[in-house]
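> structure for the following, please:
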Amino acid sequence: MLTAAKICASLDIFSKLASESGPKSATELAEASGAEPKLLERFLRHLVNRNIVEEAGPGLFEANAVTKLYASAHGAAIVMHMYESNSRLLAHADEALRKTGYRMPLEESESLFRLATGIDTDYFTWLNRPGNESRLDRFQKTMEFTAYGAKWFQTIPLDEILGGKHDVSTDAPLIVDVGGGFGQEMVAFHQAQSDRSGRLIFQDLEATIHRVDAAGISPVEAQVHDFFTPQPVQGAKAYFLKRILHDWDKEKCISILRNLKGAMKPLYSKILVLDLVVADMSADWYSTGSDIMMMLALSATERREKEWREMIAEAGLQVSKIWDTEDADGKLIEIVLA
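Numbers count the residues shown, from 1 in each chain. You can find the predicted model right below:
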């Protein structure tokens, strides 16, 4: 499916289908793109089976909601990112695992990303290197694209987590989004909660923050920070980690959490982790698929509830509550000082 989607994205087929009403023949689409009609039709038929495009008749295709998503800038980014990153790993998975004796690569230095690519560092360090700016942009757009549906802050009682709307003073930090990319989460939070006082800050590595349009995110603040170093913003109401900890092994996660612990104000601050909590039995395909990709790419993992609780306890913290959300990015794990 990924290959078919990549070919159609490269030929701008999704945009052509989405921009006009009514079905288009493979011949019409091929003429506009320069591709051979029969070749294009074969790829489109496969995408019909995955509900990415609709089949209106023999050799006729039209857009659906998924097509329109793939036609967007974020949709194109996710196709390019997934094809470039995942296809290379999957192609080398068996070869790389054979070298480990078919055991999990527990150390990041043994990750399949390194083995498959020959790159001498971890994925995120490489992604932030000069020359990878377009890849970094695609990665961040992918992170925005995957966060479809309702947001966590729209579906749970925020006052129970953050206090009343004006409990935090205007100049005090309300939420620090650690590893927050281009700031998309805090911007969305501000748009939905503009009457809630307190500063909203997001942090990431310098290469990422350098690409942020400061005027476009105001009043949200951008800050350069490496979460493997002590947290510089002291006493925030909440430190937010969205889909961060699944990128790292247990020891690295404990290091990240301890750096946040040192900045927390007793009986006040919380850590909010938005991440998958894998079911003990009959786990859904998204969780298990993501778990495999985390293992292959980063020597990391998606975690069950017991694993979350044990790891958080080892960091000297405790889980206060796990909130069910309608957010596609998972459940919200509320953490306090032990």
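> and R114, how many neighbours does it have?
Residues lying near R114 (other Cβ atoms under 10 Å) number 21. C-beta: built from backbone N, CA, C; applies to glycine.
> show me what the strand or helix carrying it is packed up against.
Following DSSP states H and E, the helix or strand that holds R114 is helix 112-117. Using 3 or more Cβ pairs under 8 Å, 6 or more residues apart in numbering; DSSP states H and E as the contact definition, the elements that helix 112-117 packs against are helix 73-99, helix 285-298.
> buried ones in the last one?
Looking back up the chat, that one is helix 285-298. S287, S290, D291, M293, M294, M295, L296, A297, L298 (16 or more other Cβ atoms under 10 Å).
> please export the C-alpha coordinates of it as CSV.
As requested, the backbone C-alpha atoms of helix 285-298 are provided in CSV (Å, rounded to 0.1, in the frame of the first residue of the first chain):
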residue,chain,number,x,y,z
TRP,A,285,-3.5,-3.4,15.1
TYR,A,286,-2.4,0.3,15.5
SER,A,287,-0.7,-0.4,18.8
THR,A,288,1.0,-3.6,17.7
GLY,A,289,2.1,-2.1,14.4
SER,A,290,3.5,1.0,16.1
ASP,A,291,5.3,-1.2,18.6
ILE,A,292,7.0,-3.1,15.9
MET,A,293,8.1,0.1,14.2
MET,A,294,9.4,1.5,17.4
MET,A,295,11.4,-1.7,17.9
LEU,A,296,12.8,-1.6,14.4
ALA,A,297,13.6,2.1,14.1
LEU,A,298,14.6,3.0,17.6
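> ok now it, how far from the chain's centre?
Average the C-alpha atoms of helix 285-298, do the same for its chain, and the two points are 12 Å apart (Cα atoms, centre = their mean, to the nearest Å).
> now swap in the first one and tell me
On the basis of Cα atoms, centre = their mean, helix 73-99 is displaced by 15 Å from the centre of the chain it belongs to.
> what angle do it and helix 285-298 make?
For helix 73-99 against helix 285-298, the angle by axes from the mean of the first three to the mean of the last three Cα atoms, to 10 degrees is 60 degrees.
> quick check, V336 in a strand?
Yes: when the secondary structure is assigned by DSSP: H, G, I helix; E, B strand; the rest coil, V336 falls within a strand.
> picking that back up, closest one of the buried residues of helix 285-298 to V224?
Among the buried residues of helix 285-298, L298 lies closest to V224 (Cβ to Cβ), at 22.5 Å.
> wait, the closest one sits on D122?
Yes: when contacts are counted by Cβ atoms under 8 Å, L298 is listed as touching D122 (7.3 Å).
> which residues do those two both contact?
E108, S111, F113 (Cβ atoms under 8 Å, 6 or more residues apart in numbering).
> what's the spacing between the last one and D177?
Using Cβ to Cβ, to the nearest Å, F113 is found at 25 Å from D177.
> okay, these two: which has more neighbours?
Just comparing F113 and D177: by other Cβ under 10 Å the higher neighbour count belongs to D177, 27 against 23.
> what helix or strand does the more buried one sit in?
According to DSSP H and E, D177 maps onto strand 173-178.
> nothing else from me, thank you.
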